[in-house]
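**Student:** model this:
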Amino acid sequence: ARMDFEADYPLVSVLCGRAAQVIGDMRQQELCMLTWALATFRIKMPPVLLASVSNRTQIVLDSFTAASISGILWSFATLEQQPSAQLVRSLGARAIRIADKFEAQEVSN
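**Tutor:** Residues are numbered from 1 along each chain as shown. The predicted structure is shown next:
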């Protein structure tokens with residue numbers, strides 16, 4: 001079951017708010033770790049953080065590997081949150097450019 005992050009865990013609310021503030025400095029590894037951690041604990045991203053993650057991911061998209069594309073898509077799917085349509089198109093285009101780098105694990109995620 002997904003948690004209501006604000007009601008159940010005030011600390012998570014503070015951390016998500018801070019993440020939205022510093023996201024402009026995050027690289028692809030940090031974006032993937034953030035989304036993976038939230039997805040692992042089934043903590044839905046508040047709208048401002050979801051928008052910030054989508055925007056920042058587009059900025060650093062060229063550094064995304066097959067594993068990071070797979071991981072961030074897994075996170076969004078696990079959380080049942082839809083990133084912006086533009087991000088989905090950009091991730092798709094990046095995946096096509098590096099299609100030969102995808103291994104079985106990345107494809108299966």
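**Student:** What are the contacting residues of stretch 19-26?
**Tutor:** Contact partners of stretch 19-26, identified using Cβ atoms under 8 Å, 6 or more residues apart in numbering, comprise Leu31, Leu34, Pro46, Val48, Leu49, Ser52, Val53, Asn55, Arg56, Val60. Every C-beta, even on glycine, is put in place using the N, C-alpha and C of the backbone.
**Student:** again, only this time at 10 Å
**Tutor:** When contacts are defined by Cβ atoms under 10 Å, 6 or more residues apart in numbering, stretch 19-26 is touched by residues 30-34, 37-38, 45-53, 55-57, 59-60.
**Student:** what's the answer for stretch 98-107, then?
**Tutor:** 62, 64-71, 73-74, 95, 108-109.
**Student:** mind running it again at 6 Å?
**Tutor:** Ala66, Ala67, Ser70 (Cβ atoms under 6 Å, 6 or more residues apart in numbering).
**Student:** What about the second one, how many residues nearby?
**Tutor:** Number of residues near Ala67 (other Cβ atoms under 10 Å) recorded here: 15.
**Student:** so which strand or helix has the nearest residue to it once chain neighbours are set aside?
**Tutor:** The shortest distance from Ala67 to any non-neighbouring residue, by Cβ to Cβ, 6 or more residues apart in numbering, is to Glu106 (5.7 Å). Using DSSP states H and E, Glu106 sits within helix 104-108.
**Student:** May I have that helix as CSV, with CA atoms only?
**Tutor:** The C-alpha trace of helix 104-108 is given here as CSV (Å, rounded to 0.1, in the frame of the first residue of the first chain):
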residue,chain,number,x,y,z
ALA,A,104,18.2,-8.4,-20.5
GLN,A,105,17.8,-6.9,-17.0
GLU,A,106,17.2,-3.4,-18.3
VAL,A,107,14.7,-4.6,-20.9
SER,A,108,12.8,-6.7,-18.4
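**Student:** what is the mean pLDDT for it?
**Tutor:** For helix 104-108, mean pLDDT is 72.
**Student:** re earlier: what about the contacts of stretch 19-26, which are in helices?
**Tutor:** 30-34, 37-38, 47-53, 55-57, 59 (DSSP state H).
**Student:** Would you list the buried entries among those?
**Tutor:** Taking 16 or more other Cβ atoms under 10 Å as the criterion, what is buried in the ones in helices among the contacts of stretch 19-26 is Leu31, Cys32, Leu34, Leu38, Leu49, Leu50, Ala51, Ser52, Val53, Arg56, Thr57.
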